[in-house]
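Novice: Here you go, sequence then predicted model.
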There are 2 protein chains.
Amino acid sequence: MSRTDKEIDEATDAKPSRASAARLSLYLRCLENWRRAGQATVSSGNIAETLGLSDAQVRKDIGYLGSPGQPGVGYKVPELIRAIREGLGINREWRTVLVGVGNLARALLRYQGFREQGFEIVGLFDADPQKLGLRVDGLTVQPMSALPAVVAGADAELALMTVPAEAAQDVADALVASGVRGILNFAPAVLRLPSKVRLVNVDLAIQLEQLAFQVQLGNIP
Amino acid sequence: MSRTDKEIDEATDAKPSRASAARLSLYLRCLENWRRAGQATVSSGNIAETLGLSDAQVRKDIGYLGSPGQPGVGYKVPELIRAIREGLGINREWRTVLVGVGNLARALLRYQGFREQGFEIVGLFDADPQKLGLRVDGLTVQPMSALPAVVAGADAELALMTVPAEAAQDVADALVASGVRGILNFAPAVLRLPSKVRLVNVDLAIQLEQLAFQVQLGNIP
DNA sequence: GGATGTGAACGACTTCACAGCG
DNA sequence: CGCTGTGAAGTCGTTCACATCC
């Protein structure tokens, strides 16, 4: 009987949905700005206004976190930041490897936003022998053969793939074999992965196509 | 009264929704591969299997295009490609400017996928005087002051923004003032634009956060 | 048989509306 | 009074199922 109660409890505390999680990341950006500015509390209306959403939606999203929130006042900024980071699973360090050291990789490595959010890059890899030994941003480019040992040794769970489309599937297979659990793929290729491994694609051509589509839609109404 | 009929007609031919448009871009990638391979027809099942979707969804998406499709056979590859490109509004050239010539910009310029899809970059701009005159991929970096003339002269409608977050809003304002209609923004900043101008954000930290979230979700069930 | 095209059922997400609280 | 939290209603998108056609 106590069992039944427990199950009802667990069913009640819903996790953030995909759609909601994407917005929570955005809330986090705003909140970090406001914290830097020294603001103590925010209301759902503040966030909604900034991002062009409805206040009800913001409250619903935050509601999934089981977070605090004072009626008549709003949310305490640092507390809400902590709650979102916990809800998204980024309240810890995620070790990450990067495969394919081209311009895009250099741009990613330079961008400090990753580290600030707890993503640490623990290895650079490239199939091109000419690039081996190259030092980029404090890390040395290693051959693909070193991948399994580094992933295992550093307990890396995520990977950034910035390789040409032709190489993408092979690299992905190698990453999976090394034990990586999630891949952020920038190659314009359709990858097949075991269902245990999560994949997020960032295809720049597709983003441009979506933009063109939206602009074209805007023309008509 | 004929007015009413017309309205019903227009309400009937639905345009692809946002969600559907994102998938159509993916279909396009597969189809182009298959065309290169010389395949004449595809079925909704083929596409669905490749991308891990349901065949019904693929048919619904294609249905928005008012495209052909032969029962018992499938869709003719070249015809479907044309229909998708038309539906997405990319069956023409989109002239595009790029602001912020860093590593990310170089990666984008090198990536031939844009040009193949009809996106032509007609101008490079940077606020850094040291970069002025630099030639990258056949284009010369120009000062921000030249932006309005170039946008107007080339009739550019889209812009790629690869600038630091601090500069993002100012650059966006300048782009809007120049007459650009859509911005693909890579800066991790929340931009405010007039509603006439479309915005697509690609925030790499957010993508990584979403990946971490999905990996974390996968751990539990 | 093998696919398409599509209403209808279903499910997920969003907005509404308001009770409750500081 | 202002703002949160949340059922209820509504909207949007996906899946099902089947009539239809080659």
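Specialist: Structure's in. What do you need?
Novice: Give me the contacts around stretch A:138-145.
Specialist: When contacts are defined by C-beta atoms under 8 Å, 6 or more residues apart in numbering or on different chains, stretch A:138-145 is touched by residues A:99, A:101, A:109, A:121, A:123-127, A:129, A:131-135, A:150, A:171, A:174. C-beta here means a position set from N, CA and C on the backbone, and glycine is covered the same way.
Novice: Same check on stretch A:60-75?
Specialist: So stretch A:60-75 is contacted by A:13-17, A:20, A:23-24, A:27, A:41-44, A:46, A:59, A:76, A:79-80, A:83-84, A:86-87 (C-beta under 8 Å, 6+ apart).
Novice: okay, residue A:66: pLDDT?
Specialist: Looking at residue A:66, its pLDDT is 86.
Novice: Secondary structure class of it, three-state.
Specialist: What DSSP: H, G, I helix; E, B strand; the rest coil gives for residue A:66 is coil.
Novice: worst-scoring helix or strand of chain A, pLDDT-wise?
Specialist: One helix or strand of chain A scores below all others by mean pLDDT, DSSP states H and E: helix A:2-12, with a mean of 39.
Novice: Tell me where the model's unsure across chain A.
Specialist: Within chain A, the stretches falling below the threshold (pLDDT under 70) are A:1-13, A:221.
Novice: got the domain boundaries for it?
Specialist: Per the record, chain A has its domains at A:3-88, A:94-206, by automatic domain parsing.
Novice: Is there proximity between the last one and DNA strand D?
Specialist: No. Using C-beta under 7 Å from any atom of the strand, no contact is recorded between domain A:94-206 and DNA strand D, whose separation bottoms out at 14.7 Å.
Novice: ok so, going back, which of the contacts of stretch A:60-75 fall within strands?
Specialist: Taking DSSP state E, the ones among these that sit in strands are A:41-42, A:76.
Novice: excluding its backbone neighbours, what's nearest residue A:137?
Specialist: residue A:109 (4.3 Å; C-beta to C-beta, 6 or more residues apart in numbering or on different chains).
Novice: List the contacts of that neighbour.
Specialist: A:98, A:121, A:136-137, A:139.
Novice: wait, which of those is closest to residue A:165?
Specialist: residue A:98 (17.1 Å; C-beta to C-beta).
Novice: The closest one sits in which helix or strand?
Specialist: Here residue A:98 sits within strand A:94-99, counting by DSSP states H and E.
Novice: Counting by contacts, list what that strand packs against.
Specialist: Other elements packing on strand A:94-99 under the criterion 3 or more C-beta pairs under 8 Å, 6 or more residues apart in numbering or on different chains; DSSP states H and E are helix A:103-110, strand A:119-125, helix A:147-154, strand A:158-161, helix A:165-178, helix B:204-219.
Novice: How about residue A:16: what's its closest non-neighbour residue?
Specialist: Residue A:16 sits nearest to residue A:64 (C-beta to C-beta, 6+ apart), 4.3 Å away.
Novice: ok, back up a step: looking at the helices and strands packed on strand A:94-99, which is closest to DNA strand C?
Specialist: helix B:204-219 (12.0 Å; C-beta to the nearest atom of the strand).
Novice: next one: the closest one to chain centre, how far?
Specialist: 23 Å (C-alpha atoms, centre = their mean, to the nearest Å).
Novice: quick one: it near chain A?
Specialist: Yes. Shown here: helix B:204-219 in contact with chain A (C-beta under 8 Å from any C-beta of the partner chain) through B:204-218.
Novice: ok, of these, which come out buried?
Specialist: Among these, the ones that count as buried by 16 or more other C-beta atoms under 10 Å in any protein chain shown are B:204-216.
Novice: Near DNA strand C, which residues of chain A? Just list them.
Specialist: So chain A meets DNA strand C at A:17-20, A:53-54, A:56-57, A:60, A:70-73 (C-beta under 7 Å from any atom of the strand).
Novice: Among those, the buried ones, what's the ChimeraX command?
Specialist: Filtering these down to the buried ones (16+ other C-beta under 10 Å) takes a single ChimeraX command:
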select /A:20,53,57
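Novice: which SS class is residue A:127?
Specialist: Going by three-state DSSP: residue A:127 is coil.
Novice: Next, count neighbours for it.
Specialist: 18 (other C-beta atoms under 10 Å in any protein chain shown).
Novice: contacting residues for it?
Specialist: A:143-144, A:163, A:167, A:171.
Novice: longest helix of chain A?
Specialist: Longest helix in chain A, counting residues (DSSP state H): helix A:18-36.
Novice: Whether that helix contacts DNA strand D - can you check?
Specialist: No. For helix A:18-36, no contact with DNA strand D is found by C-beta under 7 Å from any atom of the strand; the gap never falls below 10.1 Å.
Novice: Mind listing what's buried along that helix?
Specialist: Buried residues in helix A:18-36, counting neighbours by 16+ other C-beta under 10 Å, are found at A:20-31, A:34.
Novice: again with stretch A:159-170
Specialist: A:159-163, A:165, A:167-169.
Novice: what's in contact with that stretch?
Specialist: Contacts for stretch A:159-170 (C-beta under 8 Å, 6+ apart): A:96-102, A:104-105, A:108, A:121, A:127, A:171-172, A:175, A:180, A:182-189, A:191-192, B:208.
Novice: which residue packs closest to residue A:54, ignoring adjacent ones?
Specialist: residue A:48 (5.8 Å).
Novice: and that neighbour, helix, strand or coil?
Specialist: Assignment for residue A:48 (three-state DSSP): helix.
Novice: can you pull the contacts of it?
Specialist: A:54-55, A:57-58.
Novice: State the distance from the closest residue to residue A:81 other than its chain neighbours to DNA strand D.
Specialist: Nearest residue to residue A:81, sequence neighbours excluded (C-beta to C-beta, 6+ apart): residue A:31, at 5.0 Å. With distances taken as C-beta to the nearest atom of the strand, to the nearest Å, residue A:31 is found 12 Å from DNA strand D.
Novice: Can you give me the separation between residue A:31 and residue A:40?
Specialist: Per C-beta to C-beta, to the nearest Å, residue A:31 is found 12 Å from residue A:40.
Novice: Repeat that for residue A:167.
Specialist: Taking C-beta to C-beta as the measure, residue A:167 falls 50 Å from residue A:40.
Novice: Over to residue A:181?
Specialist: Distance from residue A:181 to residue A:40, by C-beta to C-beta: 37 Å.
Novice: Have a look at these two and say which one is more surrounded.
Specialist: Between residue A:181 and residue A:40, counted using other C-beta under 10 Å, residue A:181 has the larger neighbour count: 21 against 11.
Novice: shouldn't the more buried one be in contact with residue B:214?
Specialist: No. Using C-beta atoms under 8 Å, residue A:181 is not in contact with residue B:214; the gap is 9.4 Å.
Novice: what is in contact with those two at once?
Specialist: Common neighbours of residue A:181 and residue B:214 (C-beta under 8 Å, 6+ apart) are residue A:198.
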